[in-house]
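>>> got a predicted structure plus its sequence, pasted below:
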There are 2 protein chains.
Amino acid sequence: MSLREKKKIETRNKIFEVSGRLFKEKGFENTTVDEITKEAGIGKGTFFNYYPTKEALLVDFVKQKEELVYDLVRNELKKNIPVREKIKNVLVLVARSNEKDKEMTRLYVFEYLRHYGYEERKSHSLNLIIHDLLEKSAEKGEVKKGIDIKKAADILTATYFHSLMEWLWSNTDISFSEDISGKIDMIFDGIGGSDLERKK
Amino acid sequence: MSLREKKKIETRNKIFEVSGRLFKEKGFENTTVDEITKEAGIGKGTFFNYYPTKEALLVDFVKQKEELVYDLVRNELKKNIPVREKIKNVLVLVARSNEKDKEMTRLYVFEYLRHYGYEERKSHSLNLIIHDLLEKSAEKGEVKKGIDIKKAADILTATYFHSLMEWLWSNTDISFSEDISGKIDMIFDGIGGSDLERKK
DNA sequence: GGTCTTCTATGACCATAGTCTTATATGACC
DNA sequence: GGTCATATAAGACTATGGTCATAGAAGACC
């Protein structure tokens, strides 16, 4: 590795480390780019050579966090259990990981939404995972025949995010992971009454 | 009405009118508060006497739009048809209204999320409407007995918003109102296979 | 080890949202 | 209709994210 490359990595790490500390200490909004660069011992312009905006830092923080969770998720995916349970477990895992750092999650969800779609509209990775699980289990009859898998995956993903947001902005300490679990069951079983009930 | 009150209303209207025109002409981001105040013939400070932030303007625009839709919605609510249809129709109505002005909807959704929960966490009015509909129809057997109505309403609302966002940030011109319609059916019927199917 | 090219760092500079102090217009009261 | 209190207007000023032209460091080539 060339000296140039080494220095680049060093600078990037320094920015990442310093800003992480400052965000924890005083929050994202209350930390200025000036402070970060002063503390990191670099010029202000240098910061923007590494991150196009202050918000772009959040993406890195989340990537770091995601790596940890996805190890657990991959592990869960290997298990031989019904899809419904598997989806539940995966979402609960991710939920738990988010529960660990409410502010960072809030910032990121927000940032994610802001840039949602400016890039090449890859779906959220959770949606992909769920889509995949549903597809594989469709053959086993765990999912209704002839159903539109994409729509089903969307409903599950939507419910996950909605619960996440409900939790993120609530002050009460309701458990996000428990909430999502119950909702998944409802989605599988349906909320409509049977014809039998309706005729009563 | 005193002269003071009259002038206040006049100023507010002027700001509203001018900014609406400028946003349409050049987009929200590309319009500065300076421009708005220059064009409206008021001082910059005055603007902030009426709206705490530039974004606060969006709330007023959406209120205006909502008033139009809610007339239609109220009308729909009176009809004597199955809940499933009613919910579908209401969501499609709101969806259609959003389809009319994609940029404004996008800006507002974003702004709504930013301040989500800073206020007194009243649920989104759509959620309330759906919750209400489900509750009333629970007795008729149109909804499964003993189901958690709040969770059910959440799933429907979540799905609505997810479809909305999917549409908002997509470039393709898929119809948002059609998409949501199909998803509502799935939520009522459930996506899980029957025990019978599973045993095959 | 000198020279030339290219990549990186730098901070003065710019744009713009939002604040704050001061001036002015309005209305209440005599 | 004069005087005082108060609501509102105003715009100079501040804070901060982001740009850009220039200087300097690293590497390539002889």
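The structure has been received and is ready for your questions.
>>> now the helices for chain A?
Assigned by DSSP state H, the helices in chain A fall at A:3-26, A:33-40, A:44-50, A:56-78, A:83-99, A:102-115, A:125-138, A:149-168, A:176-189, A:195-199.
>>> of all those helices, which one is nearest DNA strand C?
For the helices of chain A, the distance to DNA strand C is smallest for helix A:44-50, at 1.8 Å, taking Cβ to the nearest atom of the strand. From N, CA and C alone the C-beta is placed, and that goes for glycine too.
>>> helices or strands up against that closest one?
helix A:3-26, helix A:33-40 (3 or more Cβ pairs under 8 Å, 6 or more residues apart in numbering or on different chains; DSSP states H and E).
>>> so which elements touch the first one?
With contacts defined as 3+ Cβ pairs under 8 Å, 6+ apart, the packing partners of helix A:3-26 are helix A:33-40, helix A:44-50, helix A:56-78.
>>> please identify the deepest-packed of the ones you listed.
Among the helices and strands packed on helix A:3-26, the stretch with the highest mean neighbour count (mean count of other Cβ atoms under 10 Å in any protein chain shown) is helix A:33-40, at a mean of 16.
>>> and that one, anywhere near DNA strand C?
No: if you take Cβ under 7 Å from any atom of the strand as the test, helix A:33-40 misses DNA strand C, and the best it gets is 7.6 Å.
>>> quick one: that helix to helix A:56-78, angle?
Helix A:33-40 runs at 80 degrees relative to helix A:56-78, counting by axes from the mean of the first three to the mean of the last three Cα atoms, to 10 degrees.
>>> what is the neighbour count of A:Ser175?
Counted with other Cβ atoms under 10 Å in any protein chain shown, the neighbours of A:Ser175 add up to 13.
>>> what about it, distance to DNA strand D?
Look at A:Ser175 and DNA strand D: by Cβ to the nearest atom of the strand, to the nearest Å, they are 34 Å apart.
>>> repeat for A:Asp154
Distance of A:Asp154 to DNA strand D, computed by Cβ to the nearest atom of the strand: 31 Å.
>>> so who does that residue touch?
Counting by Cβ atoms under 8 Å, 6 or more residues apart in numbering or on different chains, A:Asp154 makes contact with A:Asn127, B:Thr159, B:His162, B:Ser163, B:Glu166, B:Lys183.
>>> cool, and A:Gly192?
Residues near A:Gly192 by Cβ under 8 Å, 6+ apart: B:Arg84, B:Glu142, B:Val143, B:Lys144, B:Phe188, B:Asp189, B:Gly190.
>>> including distance to A:Lys151 and mean pLDDT, could the helices and strands packed on helix A:44-50 go into a markdown table?
Listed next are the helices and strands packed on helix A:44-50 as a markdown table, based on distance: least, Cβ to Cβ, whole Å; pLDDT from 0 to 100:
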| stretch | distance to A:Lys151 | mean pLDDT |
| --- | --- | --- |
| helix A:3-26 | 38 | 95 |
| helix A:33-40 | 43 | 97 |
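>>> most packed of these?
Burial of the helices and strands packed on helix A:44-50 is given as mean neighbour count (mean count of other Cβ under 10 Å); helix A:33-40 ranks first at a mean of 16.
>>> any stretches of chain A with poor pLDDT?
Scanning chain A for pLDDT under 70 picks out the ranges A:114-123, A:194-200.
>>> show me what from it comes close to DNA strand C.
Chain A has residues A:Arg4, A:Lys7, A:Lys8, A:Thr11, A:Ile42, A:Gly43, A:Lys44, A:Gly45, A:Thr46, A:Phe48, A:Asn49, A:Tyr50 near DNA strand C, with proximity defined as Cβ under 7 Å from any atom of the strand.
>>> which of the residues you listed sit farthest apart?
A:Arg4 and A:Lys44 (21.0 Å; Cβ to Cβ).
>>> rewinding a little: save the helices and strands packed on helix A:44-50 as a markdown table, and put in distance to DNA strand D too.
Formatted as a markdown table, the helices and strands packed on helix A:44-50 follow (distance: least, Cβ to the nearest atom of the strand, whole Å):
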| stretch | distance to DNA strand D |
| --- | --- |
| helix A:3-26 | 3 |
| helix A:33-40 | 4 |
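>>> ok, A:Leu164 - contacts?
By Cβ under 8 Å, 6+ apart, A:Leu164 lies in contact with A:Ala95, A:Asn98, A:Thr105, A:Val109, A:Phe176.
>>> so which of those wins on neighbours?
Highest neighbour count within the contacts of A:Leu164, by other Cβ under 10 Å: A:Phe176, with 25 neighbours.
>>> how much space separates the closest residue to that residue other than its chain neighbours from A:Asp173?
Distance criterion Cβ to Cβ, 6 or more residues apart in numbering or on different chains; nearest residue to A:Phe176, sequence neighbours excluded, is A:Trp167 at 3.8 Å. Note on A:Trp167: its distance to A:Asp173, by Cβ to Cβ, to the nearest Å, is 9 Å.
>>> quick one, which of these two is more surrounded?
Shown here are A:Trp167 and A:Asp173; by other Cβ under 10 Å, A:Trp167 has more neighbours (22 against 8).
>>> pretty sure that one sits against A:Asp179.
Yes: using Cβ atoms under 8 Å, A:Trp167 is in contact with A:Asp179, at 7.2 Å.
>>> next one: A:Leu68 from A:Leu93, what distance?
Plainly put, A:Leu68 is 11 Å away from A:Leu93 if you go by Cβ to Cβ.
>>> list the contacts of A:Val62.
Residues near A:Val62 by Cβ under 8 Å, 6+ apart: A:Met104, A:Tyr108.
>>> let's see it at 7 Å
Listed by Cβ atoms under 7 Å, 6 or more residues apart in numbering or on different chains, the contact set of A:Val62 reads A:Tyr108.
>>> what does A:Glu55 give?
With contact taken as Cβ under 7 Å, 6+ apart, A:Glu55 is in contact with A:Glu111.
>>> measure it to A:Phe61 for me?
According to Cβ to Cβ, A:Glu55 stands 11 Å off from A:Phe61.
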